[in-house]
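**Q** The sequence isn't on hand, but the structure is:
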């Protein structure tokens with residue numbers, strides 16, 4: 001097996017130089033020495049051993065990922081992307097669920113830390129969380145937020161405000177003016193930003209914001225159905241609904257079916273995230289696609305390629321895309 005020593009001897013440099021040049025976690029150097037090292041490594045057939053490299057740094061080349069629920073399709077999609085991005089860099093990922101509960105999150109984090117993970121990616125950030133306490137005695141590891149942020153730590157997220165504005169503007173451009181919003185929990189930055197984007201789009205066209213057209217405080221299908229029933233039971237019901245995720249949008253579709261409303265003839269519905277089932281529903285769901293691969297890669301980059309951790313926290317933002325499908329159309333001229 002070709003070793004770093006073999007590459008160093010062939011290239012005429014020290015082993016530390018070879019290690020630094022071939023470490024994918026460090027910025028890529030284009031110097032003549034670095035190019036020579038990479039050339040000899042390729043010619044000799046050198047393959048980096050990520051576990052040995054991690055052990056030299058007193059690490060394990062393993063990261064922990066904490067999600068609210070393992071049954072949440074969005075979290076499963078993001079975790080798969082994190083695992084794939086990590087594997088490409090010789091990193092193994094372990095996932096734990098925390099039920100969106102701060103105490104359960106702490107227990108999950110401690111369990112992962114006991115397994116000697118080199119860092120944590122958390123999708124459980126809460127806007128209502130208190131300031132974190134200074135690290136106590138024991139091993140401190142870097143932590144990065146993904147999909148949601150608390151505004152205090154480094155994070156990789158989608159542009160939720162832009163995505164919601166695109167969704168609502170799509171409905172406005174079709175001619176809808178009474179657009180309901182099925183929102184999410186107030187502690188989740190993603191739900192808050194999507195609410196803001198909804199209001200932005202209304203304001204752009206001078207459509208009044210009506211608090212009575214806003215329902216919901218959870219990301220589940222059940223919550224979406226309940227919010228949908230309340231919105232669609234009004235005497236002045238909306239002609240369209242934007243739901244802050246696909247689960248709640250599916251709940252709205254269920255409520256519409258129960259109340260005898262047809263989608264999109266009587267009601268247009270837009271979701272968010274573009275989970276796999278969205279395109280395979282009896283009426284394919286118009287939604288906003290989040291580039292989970294970019295969010296995952298950004299989180300991993302923040303975790304592994306961090307500098308000296310000084311200065312304000314960095315937030316990487318991925319751009320979403322509107323995906324029009326069969327659940328939206330122009331409103332009927334009369335009920």
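**A** Nice, I can see it. Computed from a prediction, not measured in an experiment: that's the story for all the values here. Numbering: from 1, shown residues only.

**Q** Sketch out the low-pLDDT regions of the stretch 51-200 of the chain for me.
**A** 51-59, 131-140 (pLDDT under 70).

**Q** switch the cut-off to 80
**A** Applying pLDDT under 80 to the stretch 51-200 of the chain flags the ranges 51-59, 130-140.

**Q** which stretches of the stretch 151-300 of the chain form helices?
**A** For the stretch 151-300 of the chain, the helices defined by DSSP state H, counting those that start in this stretch cover 160-174, 189-204, 221-232, 246-258, 292-304.

**Q** Tell me which of those helices is the most buried.
**A** Highest mean neighbour count among the helices of the stretch 151-300 of the chain (mean count of other Cβ atoms under 10 Å): helix 246-258, with a mean of 24. The C-beta positions use only the backbone N, C-alpha and C, and glycine is treated the same way.

**Q** and it, average pLDDT?
**A** Averaged across helix 246-258, the pLDDT comes to 98.

**Q** Just list what it packs against, helices and strands only.
**A** Packing partners of helix 246-258 (3 or more Cβ pairs under 8 Å, 6 or more residues apart in numbering; DSSP states H and E): helix 73-87, strand 179-182, helix 221-232, strand 240-243, strand 268-270.

**Q** repeat that for 6 Å
**A** If you count contacts as 3 or more Cβ pairs under 6 Å, 6 or more residues apart in numbering; DSSP states H and E, helix 246-258 packs onto helix 221-232, strand 240-243.

**Q** export these to CSV and tack on distance to residue 291 and mean pLDDT?
**A** As requested, those are exported to CSV (distance: least, Cβ to Cβ, whole Å; pLDDT from 0 to 100):
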stretch, distance to residue 291, mean pLDDT
helix 221-232, 23, 98
strand 240-243, 20, 98
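
**Q** Just put these in CSV and tack on distance to residue 86.
**A** Shown next, in CSV, are the helices and strands packed on helix 246-258 (distance: least, Cβ to Cβ, whole Å):
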stretch, distance to residue 86
helix 221-232, 30
strand 240-243, 31
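
**Q** Quick one: closest of these to residue 327.
**A** strand 240-243 (9.6 Å; Cβ to Cβ).

**Q** Run through who's touching that closest one.
**A** Applying Cβ atoms under 6 Å, 6 or more residues apart in numbering, the contact partners of strand 240-243 are 167-168, 171, 176, 179-182, 198, 224, 249, 252, 268-271.

**Q** ok, of those residues, which one's closest to residue 119?
**A** Closest approach to residue 119 among these (Cβ to Cβ): residue 271, at 32.0 Å.

**Q** Count the residues that sit near that closest one.
**A** A count of nearby residues for residue 271, using other Cβ atoms under 10 Å, gives 31.

**Q** Residue 154 now?
**A** Neighbours of residue 154 under the rule other Cβ under 10 Å: 22.

**Q** now do residue 3
**A** Residue 3: 14 surrounding residues under other Cβ under 10 Å.

**Q** how close does residue 245 sit to residue 321?
**A** 16 Å (Cβ to Cβ, to the nearest Å).

**Q** Of those two, give the one with the bigger neighbour count.
**A** Remark: of residue 245 and residue 321, residue 245 carries more neighbours, 30 against 12, as counted by other Cβ under 10 Å.

**Q** Please name the nearest non-neighbouring residue to the residue nearest the centre of the chain.
**A** A centroid search over the chain (Cα atoms, centre = their mean) returns residue 147, at 3.1 Å, as the residue closest to the centre. Leaving aside its sequence neighbours, residue 147 sits nearest to residue 123 (Cβ to Cβ, 6 or more residues apart in numbering; 4.8 Å).
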